[in-house]
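In: Have a look; sequence and predicted model below, questions after that.
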Amino acid sequence: MSMRANLARWSVVALPLLAIVIACADDATNISAPRPPEAVRGTVSSMDGVPTGKTVVVFRDTTSIPAGGLALINSLGGRVTTRWDNVGVAFVAGLSLGGLSTLRTSDLVAAVGNDRYINWLPRMTLKAIAATDVLALPRNDPSKATYYASGVQWNMKQIKADRAWAAGKQGLPSTRVAILDTGIDYGHRELRTLVDLNASRSFTTSTYAGGGIVDGVSAPNLEVPIDPQLPGDHPFMDNHFHGTHVASTVATNNISVASIAPDITLIAVKVLNWQGSGSFEGVAGGILYAAQDAGAHVINMSLGANIDGSDPDALALLELMSRTIKAAEKAGAIVVSAAGNSALNLDQGTLVSTPCEQSTVCVSATGPLLQQNFDQPATYTNFGITAIEVAAPGGNATDEEGGYQNEDLIMGACSRRASDATLNVCRTNVDGVNYFYVWAAGTSMASPHVAGMAALIKSYNPSLSVSGLRSKILGATDDVGVKGRDVYSNYGRINVAKALGLK
């Protein structure tokens, strides 16, 4: 579970985590598939994103912040705005270029870098389908959920989740899964009563003042809209759609979409805004909160960024992520992350995919094309045996005309506050009657399959340690593709029934 990447080789670029999305409701028919974008294979300039005006100071001491380090920061005109003593990290405002240079030469400091506000999710092609479904009563049996019963949710059968349900294994409310994402629509009929509202939190704010030093250049102050909330909504409401879709793979009320572990408890930890953007401080803070304060046993992060060694901030940003994930593991939470959708070989080159490569388990995506070969690697998925632990269904798509169909994707709930104009239909909830769903493909969709499986294992093995849970996951797979361990799925595609000792 130690970092599999060299800390000396790291530029911050957005990492695509979603290929294509279509919104629909239960009686939508004759849906024509739009042409998906090509998988992103290049990188984005390290100057992309907005400077937060804060410097990440990572001290050599991994368990405390030395008094001498704080004194040095104060002497340089810096002001500590956030400090995480248990991981030896502080966020500092007001440092000059000279102050940054001085800190980098201090024997007390391991790395110094500037925080960025970046988009952790991709550009997406969206299409909404207007339809109405008046059924609102939850079903206790996931196998009777509308989309599963109609054969649309091939993903649940592929990982043998149906065998777990048949054996009465649906998880326990005492098992807690934190979804670090754009929030969760806790009022959607599929998720109502499943989200712990008291424990859920937002690590975004209504407005954000940028500015500071980036790559040695003074950047202007900018006002960036973060996450405008509708009156009455909790701060962790999903104003995007992504977090709601991800959460509904882990747990639902089994009305229209079946989920892997419907009886567990969800925690919404909102680290990204309505555009999928967030800071490294926000993401790292969400990790620490979920594990140390919210009591999460499983943390899912369907988000990511590529880090390249050409960026002077890289060492500090990656060490920040590494330390917070290790602290979460120490607190008893397994951290599951998406591999990314850039079709990159993470065994080669200087790019590091974070949080994938620092997480307990990093997940690549599989899926059919035209409903054939359900375990083939998704066209977009990142891969690499040094980074990926297991594969899971993420849906598949291709830029070839007619090369895939909607049913090749993953079905999930659509937030009633979905921000994209083409998902307007998801916002037409009238008197609690209309609820909508989304087809989506990406490693974002693969990761929560593993998180849901981890929640089932933990429910029936509550004393299992993080390392023990990881071993259970890696040992409960089906060998797909090239025989033995391979660069696309490593230990294999997950098998829920096998993880629970079922035939």
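Out: Received it, and whenever you're ready, just let me know what you need.
In: how far away is Thr428 from Cys414?
Out: 11 Å (C-beta to C-beta, to the nearest Å). From N, CA and C alone the C-beta is placed, and that goes for glycine too.
In: Spit out the residues that contact these two alike.
Out: Phe436 (C-beta atoms under 8 Å, 6 or more residues apart in numbering).
In: Mind checking which of these two has more residues around it?
Out: Higher neighbour count among Thr428 and Cys414: Cys414, with 30 against 15, using other C-beta atoms under 10 Å.
In: how near is that one to Asn434?
Out: Counting by C-beta to C-beta, the gap from Cys414 to Asn434 is 11 Å.
In: One more: Asp141?
Out: 24 Å.
In: try Asp293
Out: 36 Å.
In: For these two, indicate the residue with more neighbours.
Out: Set Asp293 next to Asn434 and count neighbours by other C-beta under 10 Å: Asn434 wins out with 19 against 11.
In: The more buried one against Asn424, yeah?
Out: No - checked against C-beta atoms under 8 Å, the pair Asn434 and Asn424 is beyond contact range at 12.0 Å.
In: What is the neighbour count of Gly402?
Out: Neighbours of Gly402 using other C-beta under 10 Å come to 9.
In: who touches it in this structure?
Out: No contacts exist for Gly402 under C-beta under 8 Å, 6+ apart.
In: Which of the three states applies to it?
Out: Classification of Gly402 using DSSP: H, G, I helix; E, B strand; the rest coil returns coil.
In: What spatial separation is found between it and Val438?
Out: Taking C-beta to C-beta, one finds Gly402 at 22 Å from Val438.
In: so how far is Thr146 from Ala258?
Out: 9 Å.
In: and Asn119, what pLDDT?
Out: pLDDT recorded at Asn119 is 89.
In: Can you verify my assumption that it contacts Asn273?
Out: No - using C-beta under 8 Å, Asn119 is not in contact with Asn273; the gap is 9.4 Å.
In: out of these two, which sits in the busier spot?
Out: A direct count of neighbours by other C-beta under 10 Å for Asn119 and Asn273 places Asn273 higher, at 26 against 21.
In: Which residue, other than its chain neighbours, is closest to that one?
Out: Asp227 (4.2 Å; C-beta to C-beta, 6 or more residues apart in numbering).
In: give me the number of residues near that neighbour?
Out: Around Asp227 there are 27 residues (other C-beta under 10 Å).
In: so which strand or helix has it?
Out: In this structure, Asp227 sits in neither a helix nor a strand according to DSSP states H and E.
In: going forward can the numbers begin at 26, since that is how I track them
Out: Understood, numbering begins at 26; the last thing we discussed is Asp252.
In: where does the closest residue in space to Glu414 that isn't next to it in sequence land on pLDDT?
Out: Nearest non-adjacent residue to Glu414, counting by C-beta to C-beta, 6+ apart: Val386, 4.7 Å away. With respect to pLDDT, Val386 scores 98.
In: isn't Val386 right up against Val360?
Out: Yes - using C-beta under 8 Å, Val386 is in contact with Val360, at 7.4 Å.
In: okay, the two: which has more neighbours?
Out: Val360 (30 against 26).
In: Tell me the spacing between that one and Thr218.
Out: 26 Å.
In: Show me where the chain dips below the pLDDT cut-off.
Out: 26-74, 147-163, 230-251, 456 (pLDDT under 70).
In: all helices for it, in order.
Out: Along the chain, counting by DSSP state H, helices occupy 92-100, 122-129, 171-174, 179-183, 186-191, 267-275, 305-317, 339-355, 468-485, 491-500, 521-524.
In: chain center to the last one, what's the gap?
Out: Taking C-alpha atoms, centre = their mean, to the nearest Å, one finds the center of helix 521-524 at 23 Å from the center of the full chain.
In: Touching that helix from outside, list them.
Out: 184-186, 188-189, 285, 477-478, 481-482, 497-498, 500-503, 528.
In: now swap in the fourth one and tell me
Out: Helix 179-183 is contacted by residues 167, 173, 187, 283, 285, 392-393, 396, 399-400, 418, 420, 432, 435, 474, 518 when judged by C-beta under 8 Å, 6+ apart.
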